[in-house]
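Peer 1: One predicted model, sequence on top.
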Amino acid sequence: MTSAPVARKNAAPGGLPSMPASPLRGILFLIASTVVFSLADVITKQLASTLPPPEVAWMRYVTFAAFIIPVVLVKGGPALFRSQRPGLQVVRGLGMVGSSIMFIQSLPHLPVADATAIFFVSPILIMALSVIFLGESVGWRRWTAAAVGLAGVMIIVRPGTGAFEPAAFLPILSASSWAVGAVVTRKITGDHALTTLVYSASVGSIVLSTLMPFNWVTPNGTEIVLGLCMGILFAIGHWFVVLAYRHGNASLIAPFSYVQLLWAGTLGYLVFGSLPDSWTIAGACLIAVSGFYTAYRERIRAMQKRFSA
């Protein structure tokens, strides 16, 4: 899974109260999360080559839950398990787990760099869904940036050519599911960020546990160790994202999530010997430029609202 940006306004994901701004610290935390998520994705690809993707996702979420629940108990006790919008938290959790399953399903068929680059279409989908479900207004500049990002995805996927891989649709579906969860996140107010993480871990663990009787392959010792490492990295990555958005404005910090494209390509080469081709690099650059410009426009809009208030 990746750390694709979820645009929010001056607050951390999940409604965590804002802290004194430290943009550099926020940027460093987000870059750290991209490294951690890329490592987790490489391990995920390795596991998905020998185990069913739903089982790999289950290993990720169960470890995530075992990691995050004790943290919540230490940080705030049972009160952090109560949500003011439990229904929305469940819907968000379903969006996240659906995204994980589809992304993991794509990894046996695609290089990590390709899957990651395609997944980064999610900010564009978040913007489009925000117009439909949140009534947000989007100007022509951001729609143009979105079109550039979609062009980048098409360059990577190359439908209608001999290089087309049907599995490339899976990261797109994964990004769509993630976008639904992200839009729902915007409607969750008043909940602590750790509450949101607990719901994500719990919903994912419960849903995937119901699938295990139909998708179970007994893992060997190495796969168990890799699964634990993957889940711990997944949890640490999400916690770094929470810390990142506590220290800075989302429109400033979010573009640095595109650094993950670099780590995904580097680790994919070091571990699997797969280098992104020129088409993937060109498409990824267009997607990143689109994301950076969209974040820039978000920042301009936020400043205009602040001055007009």
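Peer 2: Now that the structure is in, tell me what you want to look at.
Peer 1: Give the closest residue to Trp216 in space, chain neighbours not counted.
Peer 2: Glu55 (6.3 Å; C-beta to C-beta, 6 or more residues apart in numbering). Backbone N, C-alpha and C define where each C-beta goes, glycine included.
Peer 1: so how many other residues sit close to that neighbour?
Peer 2: For Glu55, the neighbour count with other C-beta atoms under 10 Å is 23.
Peer 1: now for the helix or strand hosting it, which elements pack on it?
Peer 2: Remark: Glu55 resides in helix 53-75, with elements defined by DSSP states H and E. When contacts are defined as 3 or more C-beta pairs under 8 Å, 6 or more residues apart in numbering; DSSP states H and E, helix 53-75 packs onto helix 23-48, helix 86-106, helix 193-215, helix 221-246.
Peer 1: Toward the C-terminus, what is the element adjacent to the least confident helix or strand in the chain by mean pLDDT?
Peer 2: Scoring the helices and strands of the chain by mean pLDDT, DSSP states H and E places helix 250-253 at the bottom, with a mean of 65. The first helix or strand that comes after helix 250-253 along the chain, using DSSP H and E, is helix 260-272.
Peer 1: buried residues in that next one?
Peer 2: Buried residues in helix 260-272, counted by 16 or more other C-beta atoms under 10 Å: Gln260, Leu261, Leu262, Trp263, Ala264, Gly265, Leu267, Gly268.
Peer 1: Check the offset of that helix from the chain's centre.
Peer 2: 17 Å (C-alpha atoms, centre = their mean, to the nearest Å).
Peer 1: With stretch 51-67 instead?
Peer 2: 16 Å.
Peer 1: Quick one: residues in contact with it.
Peer 2: Residues from elsewhere that reach stretch 51-67 (C-beta atoms under 8 Å, 6 or more residues apart in numbering): 40, 44, 47-48, 97, 100-101, 104-105, 107-108, 198, 200-202, 204-205, 208-209, 211-212, 215-217, 219, 223, 227-228, 230-232, 234-236, 238.
Peer 1: In ChimeraX, select just the buried ones from those.
Peer 2: This is the ChimeraX syntax for the buried subset of the contacts of stretch 51-67, where burial follows 16+ other C-beta under 10 Å:
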select :40,44,47,48,97,100,101,104,105,107,198,200,201,202,204,205,208,219,223,227,228,230,231,232,234,235,236,238
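Peer 1: coming back round to it: could you check how far the residue nearest to Trp216 is from Leu24?
Peer 2: Distance, Glu55 to Leu24, using C-beta to C-beta, to the nearest Å: 40 Å.
Peer 1: likewise Phe292?
Peer 2: In this structure, Phe292 and Leu24 are 18 Å apart, going by C-beta to C-beta.
Peer 1: list the helices and strands the lengthiest helix in the chain packs on?
Peer 2: Taking DSSP state H as the criterion, the chain has its longest helix at helix 278-308. If contacts are counted by 3+ C-beta pairs under 8 Å, 6+ apart, helix 278-308 sits against helix 112-119, helix 122-133, helix 140-157, helix 250-253, helix 260-272.
Peer 1: now those as a markdown table including distance to Gln84?
Peer 2: What follows is the helices and strands packed on helix 278-308, written out as a markdown table (distance: least, C-beta to C-beta, whole Å):
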| stretch | distance to Gln84 |
| --- | --- |
| helix 112-119 | 30 |
| helix 122-133 | 19 |
| helix 140-157 | 31 |
| helix 250-253 | 21 |
| helix 260-272 | 32 |
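Peer 1: Let me see the mean pLDDT of the host helix or strand of Val184.
Peer 2: Applying DSSP H and E as the criterion places Val184 in helix 169-187. Across helix 169-187, the average pLDDT comes to 87.
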